[in-house]
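Chemist: This is a predicted model, with the sequence first.
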Amino acid sequence: RGIRVASCAVESLEKEKTSYATKVTRNANFAKLQAGYLFPEIGRRRAAHIAKYPDAKVISLGIGDTTEPIPSVIAEGMKAKAQALSTLEGYSGYGAEQGEGSLRAALQKFYLKLHPDTGVKASEVFVSDGAKCDIARLQMMFGADVTIAVQDPSYPAYVDSSVMMGQTGGYEADSQQYNKIHYMKCTPENDFFPDLASAPRTDIIFFCSPNNPTGATATKKQLEELVAFAKKNGSIIVYDAAYSIYISDDSPKTIYEIPGAREVAIEISSFSKFAGFTGVRLGWTVVPEELLYADGFPVIKDFNRVMTTSFNGASNIAQAGGLACLSDDGWKAMEELVAFYKKNVEIIVEAVTSVGLTTYGGKNAPYVWVHFPGQSSWDVFAKILEEAHIVTTPGSGFGPGGEGFVRISAFGHRENIVEAAERLKKLFG
Ligand SMILES: Cc1ncc(COP(=O)(O)O)c(/C=N/[C@@H](CCC(=O)O)C(=O)O)c1O
């Protein structure tokens, strides 16, 4: 019903639409964008499917949005802060745009715990309202005249924000690529790690490990190669560690484990998939003091300028939640949450491999990358939705390298994951 009401509301707006237009010229970069951002499009298809089958029990394993409640030890931290705001002595207004000192210090300790040589200082940690938001702010800082490289496939925010910033040329329909972006192919053939020897120089290299959507996790040796590649080319790595907590083998959990990384790498991360903070909104970006532009100017100074000018700090309640996450009890609770989702991954992998499908990733990430060689990923997405009432994400939504794959998210209540596994076995069995 909600959906029908919404659609007729939109229709009536369409009818009343005036022919008046302003004289403002549209930002030409937005005209280069192909289709809408991936995940709202998945949402639209889900809504249309529900409207078509109102009695079907649709299971959503599309957008990687956490489903389990925030552990109470963490929620308590936010509750106490919210309560304190109602008192004279506990009230606080605008905080430091870089984040509260206590949380920045806790994140410095977090890095030390990950690896003794990371060398991250509290003053290099910028607390934010999420990693996606920081990608946009980093792009604002880099400006239009940089070239970027991305893993292909990868999280769509890197490419789409680059197009919006005017860093790219037009879209090439045959290659499904934007001009000026270098797409570093990540396929089963190269074990999802790009061939850097043949890669051209770009100013910025977006690198996500564990990778969304493939789940591939770079080894220490591969990251040493990546850092050496960036150093040789004088490039800046934007290293996305949003899923680092899912790593259960000896793969690095931060780029700063790699010697020399502080001179070439920015790291972004987030509490979203650590603690179910996708709605609370809390992330962070590390910009090392040693990271310098070609003219020797420290990048951290410009990022600080972006944060102080375009951001008024993460919510004080969310930051209290972040502190609770990083407490001993909070950390234990996060690890339990992550273990729950990793069990979901196992259930999905077991089901799809039992009917002969090939999967990748899933070991260090909450996503399963399922191969449908020679098939259009949107067609497979549509088949799974239509016949099993399961929402997934078509691989081509993450770049041309994702064609022929589908991403299944493990973020789901256990009973839904078990149900979805049964349906997938039936569908492909
Ligand atoms: C590699 C990577 N980096 C950052 C984010 C978003 O982090 P937050 O903005 O902190 O929630 C994500 C979130 N991805 C989800 C949500 C979609 C979205 O954020 O657009 C997904 O791929 O389904 C991500 O995969």
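Modeler: Arrived safely. Numbering: from 1, shown residues only.
Chemist: what about the helix or strand hosting Thr309, distance to the chain center?
Modeler: Assigned by DSSP states H and E, Thr309 belongs to helix 299-310. Offset of helix 299-310 from its chain centre (C-alpha atoms, centre = their mean, to the nearest Å): 22 Å.
Chemist: what packs against that helix?
Modeler: In this structure, helix 299-310 packs against strand 125-128, helix 131-142, with contacts taken as 3 or more C-beta pairs under 8 Å, 6 or more residues apart in numbering; DSSP states H and E. From N, CA and C alone the C-beta is placed, and that goes for glycine too.
Chemist: Could you give the average pLDDT over the longest one?
Modeler: What helix 131-142 shows for mean pLDDT is 98.
Chemist: what's that helix packed up against?
Modeler: Partner elements for helix 131-142 (3+ C-beta pairs under 8 Å, 6+ apart): strand 125-128, helix 157-164, strand 236-240, strand 265-270, strand 283-286, helix 299-310.
Chemist: Show me which parts of stretch 183-201 are buried, residue by residue.
Modeler: Residues Tyr183, Met184, Lys185, Cys186, Thr187, Phe192, Phe193, Pro194, Leu196, Ala199 are the ones in stretch 183-201 that count as buried (16 or more other C-beta atoms under 10 Å).
Chemist: Export only the CA atoms of stretch 101-120, formatted as CSV.
Modeler: Extracted in CSV, the C-alpha atoms of stretch 101-120 (Å, rounded to 0.1, in the frame of the first residue of the first chain):
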residue,chain,number,x,y,z
GLY,A,101,40.0,13.8,21.7
SER,A,102,39.0,10.7,23.7
LEU,A,103,37.8,8.9,20.6
ARG,A,104,40.8,10.0,18.5
ALA,A,105,43.0,8.7,21.3
ALA,A,106,41.0,5.4,21.4
LEU,A,107,41.5,5.0,17.7
GLN,A,108,45.2,5.6,18.0
LYS,A,109,45.2,2.8,20.5
PHE,A,110,43.1,0.7,18.1
TYR,A,111,45.9,1.0,15.5
LEU,A,112,48.6,0.2,18.0
LYS,A,113,46.6,-3.0,18.9
LEU,A,114,46.4,-3.9,15.2
HIS,A,115,50.2,-3.6,14.7
PRO,A,116,52.9,-2.0,16.8
ASP,A,117,54.5,-0.2,13.8
THR,A,118,51.5,1.6,12.5
GLY,A,119,52.6,4.9,14.1
VAL,A,120,49.2,6.4,13.8
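Chemist: Can you report how many residues lie near the closest residue to Tyr256 other than its chain neighbours?
Modeler: Leaving out its chain neighbours, the residue that sits closest to Tyr256 by C-beta to C-beta, 6 or more residues apart in numbering is Thr118, at 3.8 Å. Residues lying near Thr118 (other C-beta atoms under 10 Å) number 24.
Chemist: hey, where'd the strands end up in the stretch 251-400 of the chain?
Modeler: 265-270, 283-286, 358-361, 367-371, 390-391, 393-394 (DSSP state E, counting those that start in this stretch).
Chemist: between the ones you listed, which one is nearest to the ligand?
Modeler: Checking the strands of the stretch 251-400 of the chain against the ligand by C-beta to the nearest ligand atom gives strand 265-270 as the closest, at 3.1 Å.
Chemist: hang on, Asn416 packs against Ile59?
Modeler: Yes - judged on C-beta atoms under 8 Å, Asn416 makes contact with Ile59 at a distance of 4.9 Å.
Chemist: list residues touching both of these two?
Modeler: Contact criterion C-beta atoms under 8 Å, 6 or more residues apart in numbering; residues shared by Asn416 and Ile59: none found.
Chemist: hmm, back to that, when you compare where the helix holding Thr309 runs with where helix 131-142 runs, what's the angle?
Modeler: Relative orientation of helix 299-310 versus helix 131-142 (axes from the mean of the first three to the mean of the last three C-alpha atoms, to 10 degrees): 110 degrees.
Chemist: Let me see the mean pLDDT of helix 299-310.
Modeler: Here the average pLDDT along helix 299-310 is 98.
Chemist: What residues does this protein have near the ligand?
Modeler: Residues of the chain lying close to the ligand (C-beta under 6 Å from any ligand atom) are 39, 63-64, 130-133, 155, 157, 208, 212, 240, 242, 270, 272, 278, 283.
Chemist: What subset of these is buried?
Modeler: Buried members of the residues of the chain next to the ligand, scored by 16+ other C-beta under 10 Å, are 39, 63-64, 130-133, 155, 157, 208, 212, 240, 242, 270, 272, 278, 283.
Chemist: And the helices in the stretch 1-150 of the chain, which stretches?
Modeler: 2-16, 28-32, 38-52, 72-84, 101-114, 131-142 (DSSP state H, counting those that start in this stretch).
Chemist: most tightly surrounded among those helices?
Modeler: Most buried of those, by mean neighbour count (mean count of other C-beta atoms under 10 Å): helix 131-142, with a mean of 21.
Chemist: CA atoms of that helix as PDB?
Modeler: Provided in PDB are the C-alpha atoms of helix 131-142 (Å, rounded to 0.1, in the frame of the first residue of the first chain):
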ATOM      1  CA  ALA A 131      33.500   6.300   5.200                       C
ATOM      2  CA  LYS A 132      31.200   7.100   2.200                       C
ATOM      3  CA  CYS A 133      31.000  10.700   3.400                       C
ATOM      4  CA  ASP A 134      34.800  10.900   3.800                       C
ATOM      5  CA  ILE A 135      35.200   9.600   0.200                       C
ATOM      6  CA  ALA A 136      33.300  12.600  -1.000                       C
ATOM      7  CA  ARG A 137      35.300  15.000   1.200                       C
ATOM      8  CA  LEU A 138      38.600  13.500   0.100                       C
ATOM      9  CA  GLN A 139      37.400  14.000  -3.500                       C
ATOM     10  CA  MET A 140      36.600  17.600  -2.700                       C
ATOM     11  CA  MET A 141      40.100  18.000  -1.400                       C
ATOM     12  CA  PHE A 142      41.700  16.300  -4.400                       C
END
